[in-house]
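S.K.: Structure for the following, please:
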Amino acid sequence: MGSTQKKFTPFLEFDRRQWAALRKSVPLTLTEQDLEPLLGFNEELSLEEVSTIYLPLTRLVNYYIEENLRRQTVLHRFLGVETPKVPYIISIAGSVAVGKSTSARILQSLLSNWPRKRKVDLITTDGFLYPLATLQQENLLQKKGFPVSYDTQRLIRFISDIKSGKSAVKAPIYSHLTYDIVPDHYNVIDQPDILILEGLNVLQTSANHGMNPDRLFVSDFVDFSIFVDAKESLLKTWYTKRFLTFRKGAFSDPNAYFHHYSSLSEQEAVATAHHIWDTINGLNLKQNILPSSERANLILVKGANHEIERVKLRK
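M.R.: Okay, the predicted model is just below:
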């Protein structure tokens with residue numbers, strides 16, 4: 001007598017139609033004009049995508065935030081003290097070229113313009129990469145973007161200060177033009193209601209890369225985590241397309257770190273992009289990024305043209 005093995009999963013799964021129905025009557029306040037500056041390279045994101053995917057997500061996140069505020073109120077009442085507000089921290093992780101920066105900017109815009117106004121700041125973890133000189137000295141240039149290439153302790157101090165309600169917390173700024181940290185320039189985060197933290201490795205734990213299990217990780221401070229996912233074949237295609245766009249644009253600047261790539265023929269540029277993907281970005285994806293993906297509260301699964309096909313929500 002045969003039996004079918006039941007598949008157990010910690011996630012509820014929705015197709016686009018099912019997820020869009022959870023928007024309910026939430027109005028879309030963005031216009032096409034508002035959307036344009038939020039898009040990343042090579043992305044053609046429509047208002048329909050924002051309405052179908054990001055409005056239900058924003059509605060869900062607001063429910064979580066309201067519940068979090070209620071728990072804080074209960075704790076303060078129990079303790080009999082008034083404590084500073086605790087910012088709600090949302091992390092967005094995913095591979096290079098998956099479009100997580102665009103997802104972060106859209107979520108920031110929607111959360112900022114919700115009926116209840118909130119201060120929403122956005123920080124990328126690029127600013128917490130070690131300076132180029134340090135990476136060169138430690139022979140880590142080929143590992144740039146891997147967990148080992150970040151000043152994790154500085155990032156932990158930053159996120160801990162934010163979570164404790166500290167004012168005017170500084171985050172270093174990274175330049176994609178110079179491929180380095182900008183000296184003496186900072187983003188200042190001053191007691192936001194919500195902080196969105198976007199980066200490759202924000203879901204990492206010691207289990208993912210063999211570090212001391214007793215140390216703190218960014219994920220310890222995060223209230224709601226999102227992972228933007230796609231097949232590696234799509235990611236490699238998107239990365240190559242972005243590389244070709246940079247070759248004609250940013251790389252043509254004489255001050256650009258990758259200026260030498262601007263003189264490549266298209267065939268040479270494609271081959272170079274594929275090599276970088278295979279030896280660095282794809283390797284990081286398989287070794288560090290994907291193993292942490294199912295720790296997320298929500299996974300956005302993309303198909304062709306960056307359109308999200310499925311949404312997986314942790315039960």
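
S.K.: packing partners for whichever strand or helix holds L35?
M.R.: Per DSSP states H and E, L35 falls inside helix 32-35. Helices and strands touching helix 32-35, by 3 or more CB pairs under 8 Å, 6 or more residues apart in numbering; DSSP states H and E: there are none. Yep, even glycine has a C-beta here, placed from its N, CA and C like the rest.

S.K.: now that helix: how far from the chain's centre is it?
M.R.: On the basis of CA atoms, centre = their mean, to the nearest Å, helix 32-35 sits 21 Å off its chain's mean C-alpha point.

S.K.: what do you get for stretch 28-40?
M.R.: Between the centre of stretch 28-40 and the centre of its chain there are 18 Å (CA atoms, centre = their mean).

S.K.: just stretch 305-315 next, same as before
M.R.: A distance of 15 Å separates the centroid of the chain from that of stretch 305-315, by CA atoms, centre = their mean.

S.K.: got it, and stretch 31-49?
M.R.: For stretch 31-49, the distance to the chain centre is 17 Å (CA atoms, centre = their mean).

S.K.: which regions of the stretch 51-200 of the chain lie under the pLDDT threshold?
M.R.: Across the stretch 51-200 of the chain, nothing is flagged by pLDDT under 70.

S.K.: where along it do the strands fall?
M.R.: 88-94, 120-124, 169-175, 180-189, 194-198 (DSSP state E, counting those that start in this stretch).

S.K.: circling back: now the helix holding L35: buried residues?
M.R.: L35 (16 or more other CB atoms under 10 Å).

S.K.: Next secondary structure after that helix?
M.R.: With secondary structure assigned by DSSP H and E, helix 32-35 is succeeded by helix 47-49.

S.K.: And that following helix, what does it pack against?
M.R.: Partner elements for helix 47-49 (3+ CB pairs under 8 Å, 6+ apart): none found.

S.K.: Could you list the residues in contact with that helix?
M.R.: Identification of contacts with helix 47-49 by CB atoms under 8 Å, 6 or more residues apart in numbering yields 28, 30-32, 35, 307-308.

S.K.: Select the longest helix from this protein.
M.R.: The longest helix of the chain (DSSP state H) is helix 55-79.

S.K.: which other residues reach that one?
M.R.: Helix 55-79 has contacts (CB under 8 Å, 6+ apart) with 19-20, 22-24, 26, 28, 82-83, 85-86, 88, 90, 107, 110-111, 114, 116, 118, 194, 223-224, 226, 298, 311, 313.

S.K.: buried sites along it?
M.R.: 55-62, 65.

S.K.: can you put the residues you listed in a markdown table and add distance to A97?
M.R.: Conversion of these to a markdown table gives the following (distance: CB to CB, whole Å):
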| residue | distance to A97 |
| --- | --- |
| L55 | 25 |
| P56 | 25 |
| L57 | 21 |
| T58 | 24 |
| R59 | 28 |
| L60 | 26 |
| V61 | 25 |
| N62 | 29 |
| I65 | 30 |
